[in-house]
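Q: Predicted model follows, preceded by the sequence.
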Amino acid sequence: MTVPAMLGLLIAGVGILLLLVIVVRLPAFVALLVASLIVAVIGGIPLVEIAGVIQEGMAGTLGYIAIVIGVGAIFGEYLQRSGGAERIATHMLERFGETRAPWALGVTGLVVAIPVFFDVALILFLPLIYTIAQRTGRSLLYYAIPLLAGIAVAHAFIPPTPGPVAVAALIGADLGWVILFGIVCGFPAMVVAGIMFGRLAGNRLHVPVPEFVVDSAPDERGRVPSFGLTVGLILVPLLLILTSTVSSVLLPEDDALRGVLQFIGHPFTALIIAALLAYYFFGIRCGYSRMELQDFAGRALEPIGMIILVTGAGGVFGRVLITTGMGETLTELMAASNIPIILFAFIVAVIIRVSQGSATVSMVTAAGLTAPLVAAGAYSGPMLGLITVAIASGATVLSHVNDSGFWLVGRFLGLSEANTLRTWTIMETLVGVVGVVTALLISLFIP
């Protein structure tokens, strides 16, 4: 196929996907598979080979991320049930004081939302936000925006949350580099979007505490884990993964220590270790029976089924594009335009995010479109980590009425649609813009 024809195929594929999701309202999983089939047929893949391409794309993606997301979800459920997440928030507020509560809330959101899903983290800490706002008389936004920014950064930038894990799997990025650059790029994003913008929004728009009461107390019994233990267990998988990444850079390939560190630092092993520790310290020691812990694990896995399927279907879409020869076409265009791949990945994710709303679907689709460029470019491990952050940044910006998070935040903060756009949407955009700008600056020093 010629370059114009290949570009037409790309535009048609994305257009069909967005049409199926936005207009037809097909589930994203089904829409991705249908779009993949259509692109495969139009792209000239022999009909007898299409099923094999789909199977390869699904298996290659899910073989990695299903374990990471599944075990991470169980860890997060144990953390929430034990009261450990609330312990972190209470401790941070005691140390920072009410005057510096935005910093405490931003850091708390950033730490706790690493193993816990966005909506769970939000609902978990809403009563705390209401209490502080009532006590100080300040606008609810003064405290809510920093918390939301911290949660948003962790949800988009830092594994084992599904988005960055899926992107890393699709483009072949090492999770250690993704974690490192997710934190490095995410913290300034939290400060700008959460602390600075939260102060501005809180001073300009007074939002009282809503009249309704949200009951989100953890299902704790017996002893609640200490602050140090809770933070320590959250950091265990992150540190193990980072140690594995560092050992691959500093130690020779035949070094026995490197082999051990890479084994225990593999995302599978690191998260299994963390989940076992959480089973004991967040479960058994907190007074839960083994049957109850088994039930919690089952509940944790229920909501992630669709996330895993959508991610796998995104892998199918990316594999189909690669098989049609899209990689070579995009590589040629990138070389001719001189657009940095980080900026390209960000723009693609922004377009999909604005069009269909879901951050996870945006990340998966953008990663599928970027994967051919990555495969052809032979980028280093650190650069792949930065590309992952760029995709996550693009999939975060401009949350509006087609995003469920827009309505969730507006509802619980008692905001009108217009005020949600003025606050939540701007905050999300700042998170994404600061994240990608930071990634671009770091890339200047990465080979």
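A: Here it is on my side, so go on. Residues are numbered from 1 along each chain as shown.

Q: contacts and neighbour counts: CA atoms only from here.
A: OK.

Q: in the protein, which spans are strands?
A: Using DSSP state E, no strands are found in the chain.

Q: in it, which helix has the most residues?
A: Identified as the longest helix of the chain according to DSSP state H is helix 47-82.

Q: So what's the gap between that helix and the chain middle?
A: 14 Å (CA atoms, centre = their mean, to the nearest Å).

Q: who does it touch, helix- and strand-wise?
A: helix 28-42, helix 162-171, helix 267-278, helix 290-301, helix 305-323 (3 or more CA pairs under 8 Å, 6 or more residues apart in numbering; DSSP states H and E).

Q: Return the set of buried residues in that helix.
A: Residues 50, 53-55, 57-58, 60-62, 64-82 are the ones in helix 47-82 that count as buried (16 or more other CA atoms under 10 Å).

Q: helices and strands of the chain: which one bottoms out on pLDDT?
A: helix 326-337 (a mean of 64; mean pLDDT, DSSP states H and E).

Q: got the angle for the longest helix of the chain vs helix 267-278?
A: 20 degrees (axes from the mean of the first three to the mean of the last three CA atoms, to 10 degrees).

Q: tell me the mean pLDDT over helix 47-82?
A: Mean per-residue pLDDT for helix 47-82: 80.

Q: before we move on, what about stretch 399-409?
A: Taken as a whole, stretch 399-409 has a mean pLDDT of 72.

Q: again, but for stretch 299-313
A: On average, stretch 299-313 scores 74.

Q: residues in contact with it?
A: 28-30, 32-33, 57-59, 61-62, 65-66, 69-70, 73-74, 76-77, 162, 166, 360-361, 364 (CA atoms under 8 Å, 6 or more residues apart in numbering).

Q: And for the closest residue in space to R285 that isn't next to it in sequence, the neighbour number?
A: Closest residue to R285 apart from its sequence neighbours, by CA to CA, 6 or more residues apart in numbering: R223 at 7.0 Å. Counted with other CA atoms under 10 Å, residues neighbouring R223 total 15.

Q: which residues touch D174?
A: Here D174 is in contact with A168, T245, G381, L384, G385 (criterion: CA under 8 Å, 6+ apart).

Q: which residues does the residue lying closest to the first one once chain neighbours are set aside contact?
A: What that stands for is A168. Computed as CA to CA, 6+ apart, the closest residue to A168 that is not its neighbour in sequence is T388, at 6.3 Å. Contact partners of T388, counting by CA under 8 Å, 6+ apart, are P164, V167, A168, A173, V178.

Q: what separates the nearest residue to the last one once chain neighbours are set aside from M363, distance-wise?
A: Going back to what we said before, that points to V178. Closest residue to V178 apart from its sequence neighbours, by CA to CA, 6+ apart: G385 at 4.4 Å. According to CA to CA, to the nearest Å, G385 stands 14 Å off from M363.

Q: Tell me which of the two has more neighbours.
A: Legend: neighbour count by other CA under 10 Å for G385 and M363, higher for M363 (36 against 27).

Q: So, low pLDDT: which residues of the stretch 51-200 of the chain?
A: The model of the stretch 51-200 of the chain has pLDDT under 70 over residues 61, 64, 85, 89, 98, 115-117, 119-121, 123-124, 127, 131.

Q: Can you show me the helices along it?
A: For the stretch 51-200 of the chain, the helices defined by DSSP state H, counting those that start in this stretch occupy 84-96, 101-112, 118-136, 141-157, 162-171, 175-190, 197-204.

Q: could I get these as a markdown table with distance to I446?
A: Output for these, formatted as a markdown table (distance: least, CA to CA, whole Å):
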| stretch | distance to I446 |
| --- | --- |
| helix 84-96 | 35 |
| helix 101-112 | 26 |
| helix 118-136 | 31 |
| helix 141-157 | 19 |
| helix 162-171 | 18 |
| helix 175-190 | 12 |
| helix 197-204 | 30 |
